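S.K.: build me a model:
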Amino acid sequence: MQRPLIAIDGYNLALEHGTGVATYARSLSHRLKEMGAEVGVLYGHRSSSGADDLLREVTFFDPRSGGPGWKRLVDDLKGMARLRLGTDAVEVPVTGRVEPGAMAARMPAFDRIWNIPGLYRAATLGSAPARRFGRLRLPQRPALMHWTYPVPLEVEGVPNIYTIHDLVPLRLPATTLDNKRRYLGTARRIAANAAHIVTVSEASRRDIINLLGVPEERVTNTFQAIEPPGTDATKPERLARGEVEGAFGLPWQGYFLFFGAVEPKKNVGRLIEAHLAAGSPHPLVICGKQAWNSHQELGLLYEDDRREFVPRGPIEGVQGLTRRLRDRVILVDYVPRRLLVSLIRGARAVLFPSLYEGFGLPVLEAMQLGTPVMTSNAASLPEVAGDAALLVDPLDTRAMAEAILALDGDAELRADLAARGPVQAARFGPAAYAARLAALYARLGVRLEGA
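M.R.: You can find the predicted model right below:
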């Protein structure tokens, strides 16, 4: 049986620190390879598209390629014009002769890499004026093009399916910087013309059906896979404890943790209020890049640097009876995956009261590692958490504070959630995800040997 060629996009895979969508795309690529598909990945790097194979490989792995700033404007205009007429991808020969550097950790499973310089930027800039999707051709004809994000692009002559993870820009417009007119136009065109729409939760599926008017049979929820925890999760506790104490100065199970981008939909501002109201002697650690409007979310930390709070009970390592707010909330920037895993393992509990998530991977990652979780009762998060986490109204800071107090003071509750978590996370393992993918692809006429 000849392996079917499945194409996916590298839009989010190219991001330096990645996103939940990048994790989704990498996981999809690995599952497809395991299921017997040939996998091609389409990037939009500003690299060479000329005839020199070595130069194409070198510039693909060089993030600085593309020339001076003025050239980007010229490239954008050329790219938009080519997409209107239909443009061709070129294959990048990944031979191993060129070291991938920092990109190595971000690479998906693949058999072929294709590239169209500036593809995704040109598509975004050009989609609204043209009122149509950019058209492109691949060097080898795939059985299916699976876009892992709602981009305004389509591959000519093959079925195009799109994963829409959520409709946050439409459901919670004030929480994102997306151009709402452009986003809605792209989403509606996908709704009208896609061979199929894929999503990652029943909550998102309902939104797609209700907001975009897509017939139920044209939207499939495959959920998302959580990868096996790997060696970072199985290192001896004494080593993980040493990493947490040495790198962050934090006592093992002596802090609460939020990890993820600090942005409006993550509800970090209310979480800080709830943690302060709870009066726990254990600090709240916020680990993640500060994204759009993060200053507003972290407003309590900046408004009054001299404000002091009286803690309930003794504070290890702190002299006197009072301490500043900044001592109770600790900001940590992006950290490598190996350290993040230890930080999650060492937390007293993970707190993730997001206003809206298409899937909610951080909740599963924490539960998989046996860390108790508090999360919100909104959107997809109850589907992911099941009965293995404390669920709260993300708009109710008092309910959050009470949940934090319960987690802080009840060792039996923490132990129960720690035991339930890995069982719940296993329901979203790679095998279950592969079975859902195989069923979807079979409905679209693509049968995978390993399914």
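S.K.: rest of the way, CA atoms for contacts and neighbours
M.R.: Will do.
S.K.: which residues of the stretch 251-400 of the chain score low on pLDDT?
M.R.: The stretch 251-400 of the chain contains residues with pLDDT under 70 at 291-297, 299-327.
S.K.: can you pull out the strands in it?
M.R.: Along the stretch 251-400 of the chain, the segments classed as strands by DSSP state E, counting those that start in this stretch run 256-259, 284-287, 308-309, 323-324, 329-332, 349-352, 373-376, 390-392.
S.K.: so which of those strands gets nearest Ala109?
M.R.: Taking CA to CA, strand 256-259 is the member of the strands of the stretch 251-400 of the chain nearest to Ala109, at 26.3 Å.
S.K.: give me the domain ranges for the chain.
M.R.: Following automatic domain parsing, one gets these domains for the chain: 5-225+430-443, 231-426.
S.K.: okay, those in CSV with mean neighbour count and distance to Glu449 next?
M.R.: Converted to CSV, those look like this (neighbours: other CA atoms under 10 Å; distance: least, CA to CA, whole Å):
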stretch, mean neighbour count, distance to Glu449
domain 5-225+430-443, 18, 5
domain 231-426, 19, 24
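S.K.: returning to that earlier point: do you know which of the strands of the stretch 251-400 of the chain lies nearest Arg31?
M.R.: When those are compared by CA to CA, strand 256-259 sits nearest Arg31, at 26.1 Å.
S.K.: returning to that earlier point: with distance to Leu212 added, can I get the strands of the stretch 251-400 of the chain in a markdown table?
M.R.: Output for these, formatted as a markdown table (distance: least, CA to CA, whole Å):
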| stretch | distance to Leu212 |
| --- | --- |
| strand 256-259 | 31 |
| strand 284-287 | 35 |
| strand 308-309 | 48 |
| strand 323-324 | 48 |
| strand 329-332 | 39 |
| strand 349-352 | 28 |
| strand 373-376 | 25 |
| strand 390-392 | 29 |
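S.K.: any idea which of those gets closest to Gly126?
M.R.: Comparison of the strands of the stretch 251-400 of the chain against Gly126 by CA to CA identifies strand 256-259 as nearest, at 34.6 Å.
S.K.: specify the local secondary structure of Gln424.
M.R.: Under DSSP: H, G, I helix; E, B strand; the rest coil, Gln424 falls in the helix class.
S.K.: contacts only, for it.
M.R.: 367-368, 384-386, 388 (CA atoms under 8 Å, 6 or more residues apart in numbering).
S.K.: same check, this time on Leu276
M.R.: Taking CA under 8 Å, 6+ apart, we find Leu276 in contact with Arg328.
S.K.: please begin residue numbering at 606 from this point
M.R.: Renumbered: residue one is now 606, and that last one reads Leu881.
S.K.: where's it relative to Glu842, distance?
M.R.: Distance, Leu881 to Glu842, by CA to CA, to the nearest Å: 29 Å.
S.K.: one step back: and the strands of the stretch 856-1005 of the chain: which comes nearest Ala1047?
M.R.: That would be strand 978-981 among these, by CA to CA, at 35.0 Å.
S.K.: could you say what helices and strands the closest one packs with?
M.R.: Other helices and strands packing on strand 978-981, by 3 or more CA pairs under 8 Å, 6 or more residues apart in numbering; DSSP states H and E, are strand 954-957, helix 966-973, helix 986-990, strand 995-997.
S.K.: what lines up beside it in the sheet?
M.R.: For strand 978-981, the pairing partners within the sheet under DSSP bridges are strand 954-957 (parallel), strand 995-997 (parallel).
S.K.: only alpha carbons, please: show the one helix or strand Ala1036 maps to as CSV.
M.R.: In the assignment (DSSP states H and E), Ala1036 maps to helix 1035-1048. These are the backbone C-alpha positions of helix 1035-1048, laid out as CSV (Å, rounded to 0.1, in the frame of the first residue of the first chain):
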residue,chain,number,x,y,z
PRO,A,1035,-1.8,9.5,21.5
ALA,A,1036,-3.6,6.2,20.8
ALA,A,1037,-7.1,7.6,21.4
TYR,A,1038,-6.3,10.7,19.4
ALA,A,1039,-5.0,8.6,16.5
ALA,A,1040,-8.2,6.6,16.4
ARG,A,1041,-10.3,9.8,16.1
LEU,A,1042,-8.0,11.1,13.4
ALA,A,1043,-8.2,7.8,11.4
ALA,A,1044,-12.0,7.9,11.5
LEU,A,1045,-12.1,11.5,10.3
TYR,A,1046,-9.6,10.9,7.5
ALA,A,1047,-11.4,7.7,6.4
ARG,A,1048,-14.6,9.8,6.0
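S.K.: which stretch among the helices and strands packed on strand 978-981 comes nearest Pro722?
M.R.: Counting by CA to CA, Pro722 lies closest to helix 966-973 out of these; the figure is 31.0 Å.
S.K.: so what touches the closest one?
M.R.: Helix 966-973 is contacted from outside by 625, 831, 834, 864-865, 949-950, 955, 957, 977-978, 980, 986, 989-990, 993, 1023, 1025-1031, using CA under 8 Å, 6+ apart.
S.K.: stretch 946-959 now?
M.R.: So stretch 946-959 is contacted by 837-838, 845-846, 848-849, 857-864, 870-873, 876, 967-968, 971, 974-981, 983, 997-999, 1012-1013, 1019 (CA under 8 Å, 6+ apart).
S.K.: stretch 813-823: end-to-end distance?
M.R.: Distance between the boundary residues of stretch 813-823 (CA to CA) amounts to 10 Å.
S.K.: quick one: mean pLDDT for that stretch?
M.R.: In this model, stretch 813-823 has a mean pLDDT of 97.
S.K.: who's in contact with the closest residue to Asp658 other than its chain neighbours?
M.R.: For Asp658, ignoring the flanking residues on the chain, the nearest one in space by CA to CA, 6 or more residues apart in numbering is Pro698 at 6.5 Å. When contacts are counted by CA under 8 Å, 6+ apart, Pro698 touches 658-659, 661-662, 717-718.
S.K.: now swap in Ala1047 and tell me
M.R.: Applying CA under 8 Å, 6+ apart to Ala1047 gives the contacts Leu1053.
S.K.: distance of it relative to Ile795?
M.R.: Here the criterion is CA to CA. By it, Ala1047 lies 21 Å from Ile795.
S.K.: ok, now Leu758?
M.R.: 10 Å.
S.K.: any weak-confidence spans in the stretch 606-755 of the chain?
M.R.: For the stretch 606-755 of the chain, the ranges with pLDDT under 70 are 606, 622-623, 668-677, 732-736.
S.K.: just the strands in it please.
M.R.: Counting by DSSP E, counting those that start in this stretch, the stretch 606-755 of the chain has strands at residues 610-614, 643-648, 692-693, 695-697, 717-720, 739-742, 749-752.
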